[in-house]
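[1] I would like to see how this sequence folds:
(one chain, ligands or ions: 1)
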Amino acid sequence: MNDWSPAVEELRTARLALRRPVQGDVEAIFEIHRDPRTCAHNPSDALAWSQDAQDLYLRWNNQWQQYGYGYWVVRYHDSDQQLGFCGIKPMELHGMKVLNLFYRFAASAWGQGFAGEAATEVTAWASRHLPDLPLIARVRPANVASQRVAIRAGLARAEHLDATGSDGLDWIYTAKPLAARVS
Ligand SMILES: CC(C)(COP(=O)(O)OP(=O)(O)OC[C@H]1O[C@@H](n2cnc3c(N)ncnc32)[C@H](O)[C@@H]1OP(=O)(O)O)[C@@H](O)C(=O)NCCC(=O)NCCS
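    Reported below is the predicted structural model:
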């Protein structure tokens, strides 16, 4: 872990507990990412094989080891059932170092405010612990649910930063106003 990295692995909201993923979450990672509904707008994220889920878990875990933060597994308080995943990943956007806000929930858990609740907590955590890294969300233009979650978490549309991602055009949302792209 880097010296400056926070070592906070557990977050709680009114209804939810967020914890660092463990090996035992691989099956849930697979089940959620193999459902065509959860990757309808981001087909490049879909997983076809259980080994893909194992590899994805290892990438998530590597990021936790390297940075001290990453994607959290979201559950009800005192429940082992994984509702979904929400977290942050460092990346570059137009030459700027940023944190990308991610959320993906089991279809059975949609429509109950879980993603908004988790994303709000993660956004607040990033603002407290990593204030120098701008927080963004990349959302496909037709993914209205994801756009609503970004707005619920306090982000705002930043058209001037829109970018092409793995699945086509991404609309960019930012937690704070960000200057125009570098290039
Ligand atoms: C996007 C996703 C995480 C939303 O999860 P959720 O738990 O159902 O979201 P919430 O219940 O917290 O709803 C948050 C907001 O989105 C709105 N919303 C949820 N589903 C919606 C839908 N299908 N269409 C329009 N709005 C929707 C809610 O009404 C709420 O709006 P509000 O803040 O104005 O009240 C979920 O649909 C999902 O996992 N999708 C697949 C993965 C994905 O697309 N991730 C984003 C990649 S960028």
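[2] from the chain's centroid, how far away is the longest helix seen in the chain?
    Across the chain, the longest stretch assigned as helix under DSSP state H is helix 50-67. Relative to the centre of its chain, helix 50-67 is centred 14 Å away, using Cα atoms, centre = their mean, to the nearest Å.
[3] and the contacts of that helix?
    With contact meaning Cβ atoms under 8 Å, 6 or more residues apart in numbering, helix 50-67 is reached by 1-2, 5, 9, 20-21, 23, 25-27, 29-30, 33, 47, 69-71, 89-90. Where C-beta positions appear, they are placed from N, C-alpha and C, glycine not excepted.
[4] go through those and flag which are in helices.
    26, 27, 29, 30, 33.
[5] what about burial for those residues, which qualify?
    26, 29, 30, 33 (16 or more other Cβ atoms under 10 Å).
[6] can you read off the pLDDT for the residue nearest to the spatial centre of the chain?
    For the chain, the residue lying nearest the average C-alpha position, counting by Cα atoms, centre = their mean, turns out to be residue 102 (1.6 Å). On pLDDT, residue 102 comes in at 98.
[7] so it sits right up against residue 88, yeah?
    Yes. With contact defined as Cβ atoms under 8 Å, residue 102 counts as touching residue 88 (7.1 Å).
[8] neighbours of residue 39, how many?
    17 (other Cβ atoms under 10 Å).
[9] distance of it relative to the ligand?
    As for residue 39, its distance to the ligand is 7 Å (criterion: Cβ to the nearest ligand atom, to the nearest Å).
[10] same deal with residue 73?
    Counting by Cβ to the nearest ligand atom - residue 73 and the ligand are separated by 14 Å.
[11] can you tell me the helix or strand for that residue?
    Secondary structure assigned from DSSP states H and E places residue 73 in strand 71-76.
[12] list the buried residues in that strand.
    71, 72, 73, 74, 75.
[13] please apply the same query to stretch 124-141.
    Within stretch 124-141, judged by 16+ other Cβ under 10 Å, the buried ones are 125, 126, 129, 130, 133, 134, 135, 136, 137, 138, 139, 140.
[14] who's in contact with that stretch?
    Contacts of stretch 124-141 (Cβ under 8 Å, 6+ apart): 6, 8, 11, 41-42, 69, 88, 90, 93, 96-101, 123, 146-147, 150, 153, 155, 158, 161, 163, 165, 167-176, 178.
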